[in-house]
Structures are given as C-alpha cells and as structure tokens.
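Undergrad: Sequence and computational prediction follow.
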Amino acid sequence: MSAYPFSNLPARLAALVLVCPERGCWIWQGATSGRGRGGGYGRVKWDGVTQAVHKVVWRIAGRRPLRRGEQLDHECRVRACCNPAHLKPMYQPKNMRLAYARRRAAFRAEAVQ
Ligand SMILES: [Zn+2]
C-alpha cells in the first residue's frame, strides 16, 4: 500500500496538523476528545459531523472501510496522530487487550524505577 502524502491532506486539516520529524506522526493541534478515559483523540467537524480526525484522514486517504467491530489502532501510540500509515484496523477486543497489556507494562516499568 502506497503511503498517503501529507501534501495531499485537505488544507483545512493540514493547517491544524504538526508533522513530527522524528517519528512521522501527524499531530492534531485542534480540538480533542478531552483528557479523560478515551480522551486525547483529535476531533473535527467534517461533512457536517464532529468525528475523530484519524478516521476522517483514513477515509480521505482512500483506505478500506472499517468492518463492524473494527477500530483504528494507533501503532505509534500517539492518540493525536492522524497519519494513516500509523493506523491499523483492529477488532476492538484485541485493541482493548493490547491497551491493557501496555498499561500493565507501563505500570511495571514505573514500579522498577
Ligand atoms: Zn503516529
């Protein structure tokens, strides 16, 4: 699958995205879903509906539609990132198990410091 170039991103979105030169993340600078649980994801009004920025970009980039029960997982772990190359469709339970495993790993990492 060819990478979707940042220069193809619609100007209204690109104006609110900061490209991270080290990791290639497209960091959303606009509104987010807040700081709580499920927070930190970019939000934008697109096609008249407020929705997750990474899903909007996923569609604009021409990636395949998500199947029922699928979510886009951020392989870079940066929730505000909307680079389609960093996103991977994943069924929710696995996504949640991964998140749980990562939290456990982070907790253990904290505990040994
Ligand atoms: Zn990223």
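TA: Right, received. Where do you want to start?
Undergrad: Please count neighbours and contacts with C-alpha atoms only from this point.
TA: Noted.
Undergrad: And for the residue lying closest to residue 74 once chain neighbours are set aside, the neighbour number?
TA: Excluding the flanking residues, the one nearest residue 74 by CA to CA, 6 or more residues apart in numbering is residue 87, at 4.9 Å. Using other CA atoms under 10 Å, residue 87 is surrounded by 19 other residues.
Undergrad: The residue in the chain that the ion sits nearest to: what's it in contact with?
TA: Nearest to the ion in the chain, going by CA to the ion, is residue 25, at a distance of 3.6 Å. Neighbour list for residue 25: 19, 76, 78, 81, 82, 83, 86 [criterion: CA atoms under 8 Å, 6 or more residues apart in numbering].
Undergrad: Tell me where this structure has strands.
TA: For the chain, applying DSSP state E gives strands covering 17-19, 26-28, 43-46, 49-52, 70-74, 87-91.
Undergrad: Is it possible to get JSON lines of those strands that adds mean pLDDT?
TA: JSON lines is the format used below for these (pLDDT from 0 to 100):
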{"stretch": "strand 17-19", "mean pLDDT": "98"}
{"stretch": "strand 26-28", "mean pLDDT": "98"}
{"stretch": "strand 43-46", "mean pLDDT": "96"}
{"stretch": "strand 49-52", "mean pLDDT": "96"}
{"stretch": "strand 70-74", "mean pLDDT": "93"}
{"stretch": "strand 87-91", "mean pLDDT": "93"}
